[in-house]
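In: Sequence first, predicted coordinates after that:
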Amino acid sequence: MRKWAFIFALIACFDVNAWESCGTDATGNTANCEYQIIDGTLTIRGVGENGNIGYWWNDEGWTNEDFTSPWKGKTFQNIIVEDSVKDLGSWGFFGVTSQNLIQLPNVDTIGYSALRSVTAREVVISDSTNLISEGAFVEANIQKIELSDSIETIGPWVFRNSLLRDIVIPDNVKNIDVSAFSGCSNLQSLTIGENTILGAIFDWSGEERSENLNNLKIYCTGDTAKCDANLKAAGYSDFKSVKATTQKINGVTYVYDDKGKLVTTSGRRTEKRIYTVDEANRVSGKINRFSIRYR
């Protein structure tokens with residue numbers, strides 16, 4: 001019996017699933033979080049009432065040594081931040097790669113440079129977030145981002161120099177601040193509502209826009225005249241919006257143009273379920289029956 005008890009105790013000491021402390025951040029404070037890596041997935045949870053990931057840039061320069069998070073520079077299959085995290089901190093995901101999903105927790109605010117320079121196929125923002133603040137996704141290499149309907153404000157420089165190709169802004173967003181999409185030369189579609197007030201979203205601060213936006217199409221989910229007026233007020237009278245409708249199915253927003261053609265989505269389906277016939281028709285492209293028959 002003692003022999004087996006010793007073996008079990010020894011195994012526990014080497015438990016690969018154990019949670020590790022996030023440690024001391026760049027300000028010398030202990031980050032109120034723990035993390036573990038299982039099967040390529042990084043999971044982070046909050047500790048105590050604060051649940052703060054911490055501040056991970058020492059403000060001295062821009063080399064790798066200046067960013068100190070415990071997962072710095074690593075590549076994961078997925079990154080899951082649990083709801084026990086109350087504050088995403090700053091710079092914690094700088095240079096981190098998720099080959100698939102980054103799932104963010106139920107936080108009121110995504111703070112300054114929280115996910116700066118992160119790489120991910122898709123980011124999902126939870127339903128309680130109402131503010132994405134300054135520079136949260138600057139220089140991020142993100143293919144898709146699912147913004148929650150609870151978001152009311154997108155702050156300045158939030159997606160500056162990011163590699164986003166398409167983004168769907170929920171109708172509840174009241175304001176998009178200056179330079180939110182400056183330097184986003186890959187941007188091909190922006191979907192907005194008629195009541196969203198725009199700042200100089202494509203401009204650098206105090207300067208005219210310099211990036212190539214020739215391929216950008218702007219879709220309006222309401223009255224195109226109102227969307228165009230908002231664009232003109234922001235200094236973009238050369239853009240004319242296209243009437244669009246949206247439908248959210250299985251956590252993904254689908255955007256259709258004025259002819260009913262599916263033009264973009266906010267993300268990918270992240271879980272399997274059975275679709276109704278109407279949903280299947282809405283989310284699926286037209287089938288080339290000839291190619292299927294003779295393939």
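Out: Noted; the coordinates are in hand.
In: Going by C-alpha atoms from here, please, whenever you check contacts or count neighbours.
Out: Fine.
In: so where's the stretch 1-150 of the chain uncertain?
Out: For the stretch 1-150 of the chain, the stretches with pLDDT under 70 are 1-17, 63-64.
In: What segments of it are strands?
Out: When secondary structure is read from DSSP state E, counting those that start in this stretch, the stretch 1-150 of the chain shows strands at 20-21, 33-38, 41-46, 75-81, 97-103, 109-110, 119-124, 131-132, 141-146.
In: how distant is the fourth one from the center of its chain?
Out: What separates the centre of strand 75-81 from the centre of its chain is 13 Å, taken as CA atoms, centre = their mean, to the nearest Å.
In: Just the element for residue 186, please.
Out: Remark: residue 186 resides in no helix or strand, with elements defined by DSSP states H and E.
In: An error on my part: the question was meant for residue 228.
Out: Residue 228 belongs to helix 224-233 when elements are defined using DSSP H and E.
In: what sits up against that helix?
Out: Applying CA atoms under 8 Å, 6 or more residues apart in numbering, the contact partners of helix 224-233 are 192-198, 220, 237-243.
In: run the last query once more with 7 Å
Out: Applying CA atoms under 7 Å, 6 or more residues apart in numbering, the set of residues contacting helix 224-233 from outside is 193, 194, 197, 198, 220, 237, 240, 241, 242, 243.
In: Equivalent analysis for stretch 40-50, please.
Out: 32-37, 52, 76-82, 84-86.
In: Residue 24 reaches residue 34, doesn't it?
Out: No. At 11.5 Å, residue 24 and residue 34 do not qualify as touching, with contact defined as CA atoms under 7 Å.
In: quick one on the thing from earlier: next one: the helix holding residue 228 to chain centre, how far?
Out: The chain centroid and the centroid of helix 224-233 are separated by 26 Å, computed with CA atoms, centre = their mean.
In: Would you tell me what the next helix or strand after it is?
Out: For helix 224-233, the following helix or strand on the C-terminal side (DSSP H and E) is strand 242-243.
In: What's the local residue count around residue 59?
Out: A count of nearby residues for residue 59, using other CA atoms under 10 Å, gives 10.
In: Could you double-check that residue 83 sits in contact with residue 103?
Out: No. Residue 83 lies out of contact with residue 103 (CA under 7 Å); the separation is 10.0 Å.
In: What separation do you get for residue 238 and residue 255?
Out: From residue 238 over to residue 255 the distance is 22 Å, taken as CA to CA, to the nearest Å.
In: out of those two, which sits in the busier spot?
Out: Taking residue 238 and residue 255 together and counting by other CA under 10 Å, residue 255 has the greater number of neighbours (24 against 9).
In: The more buried one: what secondary structure?
Out: The assignment at residue 255 comes out as strand when based on DSSP: H, G, I helix; E, B strand; the rest coil.
In: Pull the contacting residues for it.
Out: Contact criterion CA under 7 Å, 6+ apart gives 244, 245, 246, 247, 262, 263, 264, 265 as the residues in contact with residue 255.
In: redo that, cut-off 8 Å
Out: If you count contacts by CA under 8 Å, 6+ apart, residue 255 has them with 191, 244, 245, 246, 247, 262, 263, 264, 265.
In: Understood, closing this out.
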